[in-house]
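# Starting from these lines, generate the structure:
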Amino acid sequence: MSEALGRIVVMEDLATALDAVDAALGDLVARAFAGDVLRWLSDEDLLAVITAAARGGRHAEALLIEGAGQIEDRSTLPSKEAQIAGRYGCRNASELLQRATRLSSRTVGNLLTAGRAVLRRVAPSSGELLPAEYPAVRAELAAGRVGLDGLTAVVGPLQSVAMVAGAAAHLAADEELAACMRGEGADADPSPCADDLRSMATVWATYLDQDGAEPRETRALRKRSLTLGICRDNLVPVRGNVLPEVGAQLQLIFDSILNPKNDDSDTVPGGPWFTESTDDEPRIAQAETRTRAQRQHDAFATVLFKIAGSGALPSLGGAAPTLVVSVRAGDMTSGRGYAHIDGITEPVSLSFARHIGCSGSIQRVTSDERGRIIGIETSDRVFNGSQRKAIGLRDGGCVIPGCHVPVSWCEIHHVAEHAKGGPTHTDNGVLLCWYHHRTIDDGLWRVRMNRGIPEIRGPNWWDATGRWRPASTAPTRMRDRVSRRT
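Got it, this is the predicted structure:
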């Protein structure tokens, strides 16, 4: 009884001490924000503040992780009346932690994973306190040398081989990774970040997997999936897991389509920037406004439309997999209304219908007032192979400045709309990538043909003069322009 009472007193002291630390930290942060203190720090002092804040955050995370483990343990007790989650009106430990910490379900899931790895459980038979699954890493967590990200980075790969590695090998990996966290690893490198820890743990997992790669590949094959959800708000969710070679191939395709000068970050520049030019005037590259994820979506769309039109896929209903878009003729003429995609319940914009129709065939179906079909007229507006090669030689890729999508991935846009009499002729076709073809009607970028040569007029932030400028990245055209200047 006295031992239990002592633990209660310690817990009350711990909560009181944490409240005092929080109050002091809150006052410090408030004064720093009120005075905009971090803005005026030197680089060295700013880095010192970030390092100290991260260290304090790891100490706080250690208590969160241990507490999450305890809450989950108490939420699985045999007696429902004793389960902590139910007693506080929650379905499970995850809901209770989300409410108590105000964290997302994903972060709480990581807390629970980490908590299981370092929790010291009690043996049911003897009441003895058992070692944690990762005792050495637990010690580094308590010392503030690893936080939630680092701990989950280690646990994830090692848990996948826990059943086959054996206790001795598992503890050896635990000891070695803990030494790395202290900066005392095999190479005596400084304490690694979470991503480096994940790489190290993956190497250990591969080494400990006595069955080799084949069983892991079997498991991966069983878990592979790709699911299309229901269209809502004009977006179709895509979920799933792809095999490593599929992911690697898809990434290579993305890299081949996307601008190679762009980095992997999700941040984009806020204005134009200058690039080298062969003219007497500097060329201004397009300020990319899409995130990396958005650019990869557009690259994926390019792949799908190219493959569907390649003729290499099996037929569907006696024809190639054809995207059917329906729209009332009156809506297309007035520019008001919606289009509809076969298989998608939500309507789409008329600009999408124009985009699809620009590079496909138009079939006009005439009906009487009762809905009976009384006429079918098909007009093919697809540029043939010879025309495409010639336009590609002339344009060199997407004609929008700063876009580096190559010829083979571009679509051909009718500058004068085919529906308004524009011919399917090289003097009326320009190369545009999927994204710029999809958005060319927005009016930010304008395209015209000047005696068979495409010209571009961009938005004001790109060129305040509003001049029409010849557009081509074809090496031969650029050399011709240099020759004329010299």
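# domains for this protein, by residue range?
Listed domain ranges for the chain are 41-211, 385-485 (source: automatic domain parsing).
# Can you tell me how far Ile391 is from Val415?
Taking Cβ to Cβ, to the nearest Å as the measure, Ile391 falls 11 Å from Val415. For glycine as for every other residue, the C-beta is placed from the backbone atoms N, C-alpha and C.
# which neighbours do the two share?
Contact criterion Cβ atoms under 8 Å, 6 or more residues apart in numbering; residues bridging Ile391 and Val415 by contacting each: Gly429, Val430.
# which residues in this structure form strands?
For the chain, the strands defined by DSSP state E cover 225-228, 238-241, 273-275, 283-285, 325-326, 340-341, 361-367, 373-380, 411-414, 429-432, 446-450, 453-457, 469-470.
# Please work out which residues outside the last one touch it.
When contacts are taken as Cβ under 8 Å, 6+ apart, the neighbours of strand 469-470 outside the stretch itself are Asn450, Ile453, Pro454, Glu455, Ile456, Arg457, Asp463, Arg481.
# Okay, now the unreliable bits of the stretch 301-450 of the chain?
308-313, 315-323, 332, 343, 345, 352-382, 419 (pLDDT under 70).
# Can you show me the helices along it?
Applying DSSP state H, counting those that start in this stretch to the stretch 301-450 of the chain gives helices spanning 329-334, 350-358, 385-395, 434-439.
# can you tell me how far Val303 sits from Leu250?
Taken as Cβ to Cβ, the span from Val303 to Leu250 is 8 Å.
# cool, and Arg394?
Distance, Arg394 to Leu250, using Cβ to Cβ: 31 Å.
# Please apply the same query to Ala20.
Distance, Ala20 to Leu250, by Cβ to Cβ: 52 Å.
# Looking at those two, which one has more neighbours?
Ranked by neighbour count (other Cβ atoms under 10 Å), Ala20 and Leu250 place Leu250 first, with 15 against 10.
# State whether that one and Pro244 are indeed in contact, as I suppose.
No: Leu250 is beyond contact range of Pro244, at 10.7 Å (criterion: Cβ atoms under 8 Å).
# Kindly present the domains of the chain as CSV, with separate columns for mean neighbour count and distance to Lys223.
What follows is those, written out as CSV (neighbours: other Cβ atoms under 10 Å; distance: least, Cβ to Cβ, whole Å):
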stretch, mean neighbour count, distance to Lys223
domain 41-211, 16, 12
domain 385-485, 17, 31
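# With distance to Leu221 added, can I get these in CSV?
Below are those laid out as CSV (distance: least, Cβ to Cβ, whole Å):
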stretch, distance to Leu221
domain 41-211, 15
domain 385-485, 31
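# how about the residue nearest to Gly183 when sequence neighbours are not counted, phi and psi?
Spatially, and ignoring its direct neighbours in sequence, Gly183 is nearest to Ser191 (4.8 Å; Cβ to Cβ, 6 or more residues apart in numbering). Per-residue torsions, Ser191: phi -50, psi 130 (degrees, to the nearest 10).
# Now do Ser191, the pLDDT please.
In this prediction, Ser191 carries a pLDDT score of 82.
# hang on, it packs against Gly147?
No: Ser191 lies out of contact with Gly147 (Cβ under 8 Å); the separation is 11.3 Å.
# residue closest to the middle of this structure?
With distances taken as Cα atoms, centre = their mean, the chain has Ala293 as the residue nearest its mean C-alpha position (4.5 Å).
# how much space between it and Ala299?
11 Å.
# picking up where we left off before, and the domains of the chain, which one's lowest on average pLDDT?
Going by mean pLDDT, the lowest-scoring of the domains of the chain is domain 385-485, which has a mean of 81.
# Now do that one: distance to the chain's middle.
Its chain's C-alpha centre and that of domain 385-485 lie 30 Å apart, by Cα atoms, centre = their mean, to the nearest Å.
# Could you number the chain from 12 rather than 1 from now on?
Renumbered: residue one is now 12, and that last one reads domain 396-496.
# and the residue nearest to Gly194, what does it touch?
Counted by Cβ under 8 Å, 6+ apart, Ser202 has contacts Arg156, Cys191, Met192, Arg193, Gly194.
# now swap in Ala173 and tell me
Here Ala173 is in contact with His181 (Cβ under 8 Å, 6+ apart).
# Quick check: end-to-end length of stretch 325-338?
Stretch 325-338 has an end-to-end distance of 27 Å (Cα to Cα, to the nearest Å).
# What of stretch 133-153?
One end of stretch 133-153 to the other measures 20 Å (Cα to Cα).
# quick one, helices of the stretch 162-311 of the chain?
Listed in chain order, the helices of the stretch 162-311 of the chain (DSSP H, counting those that start in this stretch) span 173-176, 178-192, 205-219, 224-234, 255-268, 303-319.
# what distance separates the shortest one from the centre of its chain?
Its chain's C-alpha centre and that of helix 173-176 lie 32 Å apart, by Cα atoms, centre = their mean.
# CA atoms of that helix as CSV?
What follows is helix 173-176, C-alpha atoms only, in CSV (Å, rounded to 0.1, in the frame of the first residue of the first chain):
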residue,chain,number,x,y,z
ALA,A,173,11.4,-10.0,-35.6
MET,A,174,9.9,-13.4,-35.9
VAL,A,175,12.7,-14.9,-38.0
ALA,A,176,15.8,-13.1,-36.6
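# Leaving out chain neighbours, which residue sits closest to Val441?
Closest residue in space to Val441, ignoring its immediate chain neighbours: Pro465 at 4.4 Å, by Cβ to Cβ, 6+ apart.
# residues contacting that neighbour?
Contact analysis of Pro465 by Cβ under 8 Å, 6+ apart lists Arg405, Asp406, Val410, Val426, Val441, Val458, Arg459, Pro481, Ala482, Ser483.
# so which of those comes closest to Ala143?
The nearest member of these to Ala143, counting by Cβ to Cβ, is Val410 at 61.7 Å.
# Does that closest one touch Leu442 like I think?
Yes: the pair Val410 and Leu442 qualifies as a contact (Cβ under 8 Å) at a distance of 5.8 Å.
# Nice, that's everything, thank you.
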